[in-house]
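S.K.: Next one to model:
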Amino acid sequence: MNQVTEKLSLKLYYEMLRIRMVEEAIGERYSQQQMRCPVHLSIGQEAIPVGVLHHVSKTDYLISNHRAHAHYLAKGGSLKKMLAEIYGKSTGCSSGKGGSMHLIDLEQGIVGTTPIVGGSLPVGVGVAFAEQLKKKTNLTVIFFGEGATEEGVWAECLNFASLRSLSLLFVCENNLYSVYSPMSVRQSPKRDREAIAKAHGIETFTGSGNDLEQVYQVAGKAVEYIKEKAAPCYVEFSTYRYREHCGPFVDPKGYRPEAEEKFWYQQCPLKLYTEKLLKNNSLTEDQLNRFRQEIKLEIEEAFQFAESSPFPIFNPNESATVYA
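M.R.: Numbers count the residues shown, from 1 in each chain. All right, here's what the predicted structure looks like:
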């Protein structure tokens with residue numbers, strides 16, 4: 001299940017390249033002032049959603065956080081609807097009323113995303129519990145950052161998921177920072193998130209979030225465990241974001257050590273996997289250029305769709321509605 005064949009390696013690579021190019025395009029066009037909602041880009045973290053979500057099916061569920069573009073796309077969400085949502089258009093995945101941090105595509109099992117730190121946790125646990133009550137075996141995947149583990153709701157969710165033996169995969173993307181605050185000012189160096197999960201009776205796995213094949217293999221083990229044991233699992237991947245916490249720009253200098261930045265830039269998941277595939281002849285320069293051209297055309301069409309779509313008509317007397 002976890003073996004990465006040459007065919008699979010190209011598929012995973014294409015998905016990672018596509019996410020990188022989509023987010024770079026968002027960053028390039030953001031200054032045009034047509035995308036008026038905040039955007040949290042995942043540039044540098046693409047290997048995690050691709051490697052993890054390749055193990056889930058369309059009928060499995062995804063709940064994510066504020067930095068969700070990559071999760072949404074890796075799960076099969078519509079690029080056109082995502083960009084239209086960021087543009088605030090009626091054709092968006094939340095009818096243009098949610099923006100970048102409120103993405104949903106129920107046809108693809110994307111229940112939604114929430115910008116509140118730790119907010120994806122109780123929502124995801126609730127979804128998994130609901131499925132269990134309906135005697136269904138669908139897997140639920142929750143994405144969150146290491147900052148969410150500082151919230152009290154994390155312990156509550158670990159406890160409930162373990163107590164009820166939910167088919168649930170907790171995925172922690174540890175990019176070391178909460179906005180401008182490093183781990184050292186937020187969590188004790190003695191604090192062990194794996195140990196906390198294990199203390200609640202939950203199996204854990206860890207890996208490098210910048211190694212696509214390692215992410216795929218670790219996630220595969222976790223999903224196998226959940227299906228075999230009918231119990232939840234916690235996985236954590238180390239990674240690094242290359243853009244500012246919120247916005248399209250490269251991070252401002254000053255709050256992250258230069259040596260640290262240099263190290264992580266050298267560990268770019270896309271760079272490393274491109275080099276690996278070219279070196280072992282699994283990928284050629286011609287294929288890479290063709291991939292880039294195909295993705296570029298898809299992105300252009302999606303932006304044209306978003307730009308030409310109408311804005312939603314807001315009715316102050318409109319009752320609460322769920323948009324999908």
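
S.K.: Can you give me the buried ones in stretch 257-266?
M.R.: W264 (16 or more other C-beta atoms under 10 Å). Where C-beta positions appear, they are placed from N, C-alpha and C, glycine not excepted.

S.K.: again with stretch 298-305
M.R.: Quick answer for stretch 298-305 (16+ other C-beta under 10 Å): 299, 302-303, 305.

S.K.: could you show me where the helices are in this protein, in order?
M.R.: Using DSSP state H, the helices found in the chain span residues 6-29, 47-53, 69-74, 79-86, 120-133, 152-163, 193-199, 212-229, 258-266, 269-279, 285-308.

S.K.: Contacts for the last one, please.
M.R.: When contacts are taken as C-beta atoms under 8 Å, 6 or more residues apart in numbering, the neighbours of helix 285-308 outside the stretch itself are 10, 13-14, 17-18, 21-22, 25, 29, 34, 79-80, 82-84, 86-87, 89, 91-92, 274, 278.

S.K.: Please apply the same query to the first one.
M.R.: Helix 6-29 is contacted from outside by 4, 35, 39, 41-43, 46-47, 49-51, 54, 69-70, 73-74, 79, 83, 86, 212-213, 216, 243, 248-249, 269-270, 273-274, 277, 282-283, 287, 291-292, 295-296, 298-299, 303, using C-beta under 8 Å, 6+ apart.

S.K.: mean confidence score for that helix?
M.R.: For helix 6-29, the mean per-residue pLDDT is 97.

S.K.: distance of P38 from G98?
M.R.: P38 sits 12 Å away from G98, going by C-beta to C-beta, to the nearest Å.

S.K.: higher neighbour count, the two?
M.R.: G98 (20 against 14; other C-beta atoms under 10 Å).

S.K.: The more buried one and G92 touch, don't they?
M.R.: Yes. G98 is in contact with G92 according to C-beta atoms under 8 Å; the separation is 7.4 Å.

S.K.: related to what we said a few turns ago, now a ChimeraX select for only the buried ones of the contacts of helix 285-308.
M.R.: Per 16+ other C-beta under 10 Å, the buried members of the contacts of helix 285-308 correspond to this ChimeraX selection:
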select :13,14,17,18,21,22,25,29,79,80,82,83,84,86,87,89,91,92,274
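
S.K.: Comparing the helices of the chain by mean pLDDT, which bottoms out?
M.R.: helix 258-266 - the lowest mean pLDDT of these, at a mean of 93.

S.K.: got the angle for that helix vs helix 269-279?
M.R.: For helix 258-266 against helix 269-279, the angle by axes from the mean of the first three to the mean of the last three C-alpha atoms, to 10 degrees is 50 degrees.

S.K.: who touches helix 258-266?
M.R.: Against helix 258-266 from outside (C-beta under 8 Å, 6+ apart): 44, 210, 240, 242, 251.

S.K.: list residues touching both of G98 and G92?
M.R.: E85.

S.K.: L8 and G247: what is the separation?
M.R.: Taking C-beta to C-beta, one finds L8 at 34 Å from G247.

S.K.: same check, this time on Q187
M.R.: 25 Å.

S.K.: for V215, same thing?
M.R.: From V215 over to G247 the distance is 26 Å, taken as C-beta to C-beta.

S.K.: Who has more neighbours out of the two?
M.R.: Neighbour tally, V215 and G247, criterion other C-beta under 10 Å: the higher count belongs to V215, 27 against 15.

S.K.: check contacts around the more buried one.
M.R.: Taking C-beta under 8 Å, 6+ apart, one finds 47-48, 50-52, 207-209, 237 in contact with V215.

S.K.: go on, V179?
M.R.: V179 is in contact with 245-246, counting by C-beta under 8 Å, 6+ apart.

S.K.: Got phi/psi on it?
M.R.: Listed backbone geometry of V179 is phi 60, psi -110, with angles given as degrees, to the nearest 10.

S.K.: And the pLDDT for it?
M.R.: Per-residue pLDDT puts V179 at 91.

S.K.: Quick check: the gap between it and R241.
M.R.: 11 Å.

S.K.: cool, and K253?
M.R.: 15 Å.

S.K.: who's more crowded, the two?
M.R.: Higher neighbour count among K253 and R241: R241, with 20 against 8, using other C-beta under 10 Å.

S.K.: Pretty sure the more buried one sits against H66.
M.R.: No. Look at R241 against H66 with C-beta under 8 Å: they stay out of range, at 11.9 Å.

S.K.: Closest one of the contacts of V215 to E151?
M.R.: Proximity of these to E151 was ranked by C-beta to C-beta; the top entry is F237 with 19.3 Å.

S.K.: Isn't the closest one up against G209?
M.R.: Yes. Contact status for F237 versus G209: in contact at 3.1 Å, counting by C-beta under 8 Å.
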